[in-house]
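Visitor: no FASTA, just this:
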C-alpha cells in the first residue's frame, strides 16, 4: 500500500525505511528538503493515488495541531490520519473531532522502540475506530516486530497515547530501579566488578530485561560512566502519568520518585535544600555552605 | 563431580535435579526423609568420596548458622562450603571465619530464578576466593543458564549476597513500576483491554522484560486479578537494600517506595492515616470514619 | 463598613460572626433560609447601601462560577468581589476578567483556620490589585488574627489561592510527618506512653506546632485512636500542589508521598499490590491471598 | 542539688548555665581546660559531695562508650548516669548493663532545643527506672521549659533516645514540607513576595509552628537564601528512624523522602542519574552531557 509520512527525523526516517523494506510505497514529507520526498504537504497528498489515503504524522508535539489542520483541508472523506508522536492523549479528541467534520478518520498511535526500531520493529499502541485501524493495518504490520506482540488496538481515540504514556511512566521507574541499584553497588566496596554483575544478570535472573541489556552496553563503553553527567531530561509522558494518577487517585510513588529524581538532576543547587540548611542553622547553629 | 546439597525444598530440590541432569552426582540431605538422600549431615559428608568436597547449603536463613557450624566439624581442610540462601551479606564474614579456622573454604552465592530455574538455569552471584570458585566451577556451570550470562564472581566473601540483595531491591522497584502502570490503566476508562496492552508490550518496547512476561501470564489466568488480594510479603533483601543505601548515603526513593507499598498492603488499617484523619477532624471538623 | 457574604456554612457562618463582633454590618445570603439574612443575591446586594460594595463569596468550589456570573449582573463599577473558597488559582483569572468587563474588582483570598478561626482569627492570603485590597481592608482586619501576622497581599489575581494551595500542600506533609512518627512509636515497644511523648513535645522541641497541639487533643480523647478509621480524604489543594510542582519541575517528594498515602488509605484493596502479588507468585511460587 | 556535667560544647555549655540559673551547683568537665571546671573525670566526681551523685554525659556519640566505662570505675552504688547525647537507642542497653554491674543507675535522655534551649528550656525525653528519674528530677525541672510540657518519662532504658530519634525523624519531614513549599512558591511567578507569605502564615494558619518562625528568621536575613548552599547534613537520627520503620514494617515515605533529599543535596553529580542518562542515550539516541 501507499503511506504518506510527515516528519522524517530520527524516528520518522527509520520508520519510512522499515515500511519500504516491507514492500510498501512511502511518500515522505519533511521541512528539510534533503530528507523530503515531496515539496509540500499538498504535494505529498497528491502523490498518494490510492483511496483511502493513510497519512502518518511523526512531528514534534507542538507542531501536530497545525499539521492536522492543514491535512483536514487536503484529505478526503474516508482517508485516515495517524498521529504517532508523543502527544498528550487528551489532545487526540480535538484532532479527531476536527477531522471528523470532514469525514476523515483519526488514529492515535504511541510508538516505542527508539533507534532500535528499524531493525527490531516498533511497538505500536493504537486508539480509534476499528474500521480506520483496518485501513492502516498493512503499515502497522510492517512497523511492528515479527511475532505475536508489539501491536495493540487499545481502545477508542486517545487510548493509544494513554497506553504509551503509561508505558513511559513505567519506563521511568524501571530505569530508576536499575540506576539506584547501580549507584548502591558502586558506592559499596563489597562488589569489585560492578559491570560484571550487571552483565551476569542478563540471563536467568528475575530482573533480566531489554533496559538491562542497554545498561550493559553503556557500561561496556564506559564502566564507571565517567563520561556522562548525572543529568536527565524528561519528555512529558512521565509528568502526564503522575498527573493522570493524581486525577484518578491512584498512588504512584515509584513513578513520581523517578520523575522527581530527574528534576533534581537538573538543578545546580536545590532551593528546597537551601531552606532546610537555613532552618538547621537557625535552630542548631549548624554551619551552612555559601 | 560430586556435590553435597543440604536443603531439598522448592529451590534445593530443583537444583539437585538440574545438577544431576548435567551428569554430576548429588548427595542431598534434608530433614524430611522423603526428600533426603542421606540419613544425616555426617552421612551425607561420608558419601562424598572425592577430595576436595563441595557442599552447597540451601536452607532458610535462620538455620544457616547451625548448619555451617556442624559442617565445620565434618569437613576437612581444602573442602568448600557454598551458602546459596538469601542470607544477609554481613553474616558471610562470620561463616567464612568460622570455617577458615579449620582450613575449609567458603563461598556465598546468591541464586535467582525461582521455580523457572530448573529449565532456564539459575543466575548465580558468587563471592569468595578464586581458588574456591574453581573447585565448584562444574556445579556453577551446571546450574547457570547456557550462554555468556548468569554467573558472576562478584568479589570477596559477601559480594555474592550483596549483589543478590541489590538484584532483589531492583526487582522490588521494577515490580512496583508495572504495578502502578497496571493500576493506572485499570482505573482509567481510556484503555478498554488492559491485558492486551500489557501483552503488546512484550516485543519492541523499551519496557519488555521477563517480569512483564510473567505479568502477562498472570493476566492471562485472571484478566482483572480478581482472585488475588493486594497483599505482598517481603523477604528481607528489599529491607537490607534500603538499609545499605541509608548506610552509604545513597538516595533510593523508588526502591524504598516499593518496600513501603508492600508494608502498607499488609495493614488492615493504617495507623498513620488514623492520625491524619484525627488531625483533620480537629482543625476542620472533617468527619472521620469509625 | 458593610459586607455582603454569600455562603453561611461551617466557614462562612463563623466568619459572619467574627466580622460582626468587630463592629461591621454583614448581610449574609445562603440558599438555606434558616441561615440567610436575605431572600436572594439581588436582595442581599440591595441591602448594601454603601459604595463601593464589598461582597465575599464563600461557597463550594463548583458553585463559584455561577455565583460570580450572577454578581456581575448585580454589582456596579467600583464594587469588589472576594472569592474566599478553596478554588484553583487558575480559575481566578477567568473570574477577574468576567467582572472586569463591568468595572467590578476581584480579589482571591485563601482562608485558613478551620473551626478555630472564629476565636483565633483567620489567616488570609490575598491576590489582586492594591486598590481593591484597600476597599476590603476593614474586613480583612476583622477576620485576621490580632498582631503582625495572618494577612498577606501575595501578588496579583490568583496569588492568594496559589499561596493557600501551597499552604495546604505543606500541611499535608506536616500531618504525614507526625502520623509516620506516631505509627512508629506505637509499633515499637520501646515507648510505653506514646500520648505522653506527643504531649511533651509541645514546648521546647524543634517540632512544636499547632498541628501537634491538635494531635494531642485527639490523643487525649482517644489515646490509641481506636475509634477512628485510617481513611483520609483530600480536598484538591494537595493534588494541585503536586501538579504545580510537576509543571514547574520542582521536586516535591514529601508532599507527593503524603498525597499518595491518602489515596492508599481509601482503597479497600490495592490494585497495584495485586499485580505485585501476582508476579511474585509467577516467579517464586509464593502463595497469594484470595 | 549538685550535677556533674561532662561535655561543655555548644549544648553542654548552655545546659550548665541553665541549671546554674535555677540555683543548682554544676561541676563541669571538658577536655578543653578553658571550658572545664575540673581537671579530670575523677576530679569532677571528687567534687560531687552529695550522695547519690548525678552525672550528665553530653559528648559526641562516638565518645560516649569510653566515658561511661570510665564513670563505671569512678561512681558508687546508687549514683546515676544520664546519657543526653544523640545516641542510638540500642546502645543504651549496653551502657545500662555495664553500669548495673556496679549498682549504678542509668538514664537515657534525648534533648531538643538547640541554641534556643538556654532561654526557652530544653525538651527532655527520658528512659529508665522511675527511681533514677526521681534522683535527677531537680535537674530535669531546671532544664525543661516552664509549664506542663517539655519533659516525658517515656519508658524503660532506651525509650528516651527512641522518642528523640522519632522526634528528629518527624523534624526532617516537617522541614522538607516547608522547603518544598518554599521552592514551589519561589519557582512560580504567581506570588511576588514569598517571604511575606511565609511571614503571614505565622498566625491563624494550620501550619504555624516554631520551625516556620525559624524559616521566617532566615528569610528576614536573606529573602532568597542566596547566601546559603542547598546542602544539608544529617546527624544519624533520620537514618535510624527509617531503619526502625523498616524493621517494624512501618511505611515512612515522607521521612524517607526527606532523608534521601539530604543525601542528594550532598552529591555533586548523581551516579544514579548518570545511569538513567546512559540508558536514555542507548535507546533513544538522547544526548548526554559530559
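Guide: Nice, thanks for sending it over. Predicted model only: the values in this text are computed from it and were never measured. Numbers count the residues shown, from 1 in each chain, chains lettered A, B, ... in the order given.
Visitor: touching chain C at all, the longest helix seen in chain A?
Guide: Assignment by DSSP state H gives helix A:159-187 as the longest helix of chain A. No - applying Cβ under 8 Å from any Cβ of the partner chain, one finds helix A:159-187 out of contact with chain C, separated by at least 11.3 Å. The way it works is simple: take the backbone N, C-alpha and C, and place the C-beta from them, glycine included.
Visitor: please see if the helix or strand that that helix is followed by touches chain B.
Guide: Using DSSP states H and E, the helix or strand that directly follows helix A:159-187 along the chain is helix A:194-200. Yes - judged by Cβ under 8 Å from any Cβ, helix A:194-200 and chain B are in contact via A:196, A:197, A:199, A:200.
Visitor: and the host helix or strand of residue A:28, what's buried?
Guide: Using DSSP H and E, residue A:28 sits in strand A:25-29. For strand A:25-29, a neighbour-count test (16 or more other Cβ atoms under 10 Å in any protein chain shown) marks A:26, A:27, A:28, A:29 as buried.
Visitor: all helices of the stretch 101-250 of chain A, in order?
Guide: A:117-120, A:130-143, A:159-187, A:194-200, A:210-221, A:237-247 (DSSP state H, counting those that start in this stretch).
Visitor: ends of stretch A:244-263, what's the gap?
Guide: Stretch A:244-263 has an end-to-end distance of 18 Å (Cα to Cα, to the nearest Å).
Visitor: for the stretch 151-290 of chain A, what lies in contact range of chain C?
Guide: Checking the stretch 151-290 of chain A against chain C by Cβ under 8 Å from any Cβ, the hits are A:206, A:239, A:242-243, A:246-247, A:249-253, A:256-257, A:259-261, A:263-264, A:266, A:270, A:272, A:283.
Visitor: can you select the buried ones among the residues you listed for me in ChimeraX?
Guide: To isolate in ChimeraX the members of these that are buried, counting by 16+ other Cβ under 10 Å, one can use:
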select /A:206,239,242,243,246,249,250,251,252,253,256,257,259,260,261,263,264,270,272,283
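Visitor: from the residues of the stretch 151-290 of chain A next to chain C, which are also near chain D?
Guide: Among these, the residues lying close to chain D (Cβ under 8 Å from any Cβ) are A:253, A:257, A:261, A:264, A:270, A:272, A:283.
Visitor: how close does the second one get to residue A:97?
Guide: In other words, residue A:257. According to Cβ to Cβ, to the nearest Å, residue A:257 and residue A:97 sit 37 Å apart.
Visitor: if we can go back for a sec, show me which pair in the residues of helix A:194-200 next to chain B is furthest apart.
Guide: A:197 and A:199 (7.2 Å; Cβ to Cβ).
Visitor: the two: which has the busier surroundings?
Guide: Taking other Cβ atoms under 10 Å in any protein chain shown, residue A:197 and residue A:199 do not tie; residue A:197 has more neighbours (27 against 21).
Visitor: show me the contacts for that one.
Guide: Taking Cβ atoms under 8 Å, 6 or more residues apart in numbering or on different chains, we find residue A:197 in contact with A:185, A:191, B:125, B:152, B:154, B:163, B:166.
Visitor: give me that answer again for 7 Å
Guide: A:185, A:191, B:125, B:152, B:154, B:163 (Cβ atoms under 7 Å, 6 or more residues apart in numbering or on different chains).
Visitor: nearest spatial neighbour of residue A:259, skipping sequence neighbours?
Guide: Nearest-residue entry for residue A:259: residue A:238, 4.6 Å, with adjacent residues in sequence omitted and distances by Cβ to Cβ, 6 or more residues apart in numbering or on different chains.
Visitor: is the one you found in contact with residue A:168, as I believe?
Guide: Yes - the pair residue A:238 / residue A:168 is scored as a contact, 6.2 Å apart, by Cβ atoms under 7 Å.
Visitor: isn't residue A:266 up against residue A:229?
Guide: No - when contacts are counted by Cβ under 7 Å, residue A:266 is not listed as touching residue A:229 (10.3 Å).
Visitor: relative to chain B, how far out is residue A:282?
Guide: Distance of residue A:282 to chain B, given as Cβ to the nearest Cβ, to the nearest Å: 24 Å.
Visitor: apart from its neighbours in sequence, what residue is nearest that residue?
Guide: The shortest distance from residue A:282 to any non-neighbouring residue, by Cβ to Cβ, 6+ apart, is to residue D:214 (3.9 Å).
Visitor: longest strand anywhere in chain A?
Guide: strand A:105-112 (DSSP state E).
Visitor: tell me the mean pLDDT over that strand?
Guide: In this model, strand A:105-112 has a mean pLDDT of 97.
Visitor: what strands flank it, and is each parallel or antiparallel?
Guide: Looking at strand A:105-112 with DSSP bridges, its partner strands are strand A:80-83 (parallel), strand A:123-127 (antiparallel).
Visitor: contacts only, for the residue of the stretch 1-150 of chain A found nearest chain C.
Guide: Nearest to chain C, among the residues of the stretch 1-150 of chain A, is residue A:88, at 12.9 Å (Cβ to the nearest Cβ). Residues in contact with residue A:88 (Cβ under 7 Å, 6+ apart) are A:161, A:240.
Visitor: and the gap between residue A:164 and residue A:231?
Guide: 24 Å.
Visitor: contact partners for residue A:129?
Guide: By Cβ under 7 Å, 6+ apart, the contact set of residue A:129 is residue A:105.
Visitor: for residue A:58, phi and psi?
Guide: phi -130, psi 60 (degrees, to the nearest 10).
Visitor: my bad, residue A:273
Guide: Per degrees, to the nearest 10, the backbone of residue A:273 is at phi -80, psi -20.
Visitor: which residue, other than its chain neighbours, is closest to it?
Guide: Among residues not flanking residue A:273 along the chain, residue D:230 sits closest, at 3.5 Å (Cβ to Cβ, 6+ apart).
Visitor: one more: residue A:23?
Guide: Nearest to residue A:23 is residue A:142, by Cβ to Cβ, 6+ apart, at 8.0 Å.
Visitor: now swap in residue A:122 and tell me
Guide: residue A:113 (4.1 Å).
Visitor: does the one you found touch residue A:124 like I think?
Guide: No - assessed by Cβ under 7 Å, residue A:113 is found out of contact with residue A:124, at 9.0 Å.
Visitor: can you tell me the average pLDDT over stretch A:209-218?
Guide: Here the average pLDDT along stretch A:209-218 is 98.
Visitor: quick one: distance of that stretch to the chain centre.
Guide: Distance, stretch centre to chain centre, for stretch A:209-218: 18 Å (Cα atoms, centre = their mean, to the nearest Å).
Visitor: with stretch A:120-138 instead?
Guide: With Cα atoms, centre = their mean, you get 16 Å for stretch A:120-138.
Visitor: between the two ends of it, what distance do you get?
Guide: So stretch A:120-138: terminal residues 17 Å apart, Cα to Cα.
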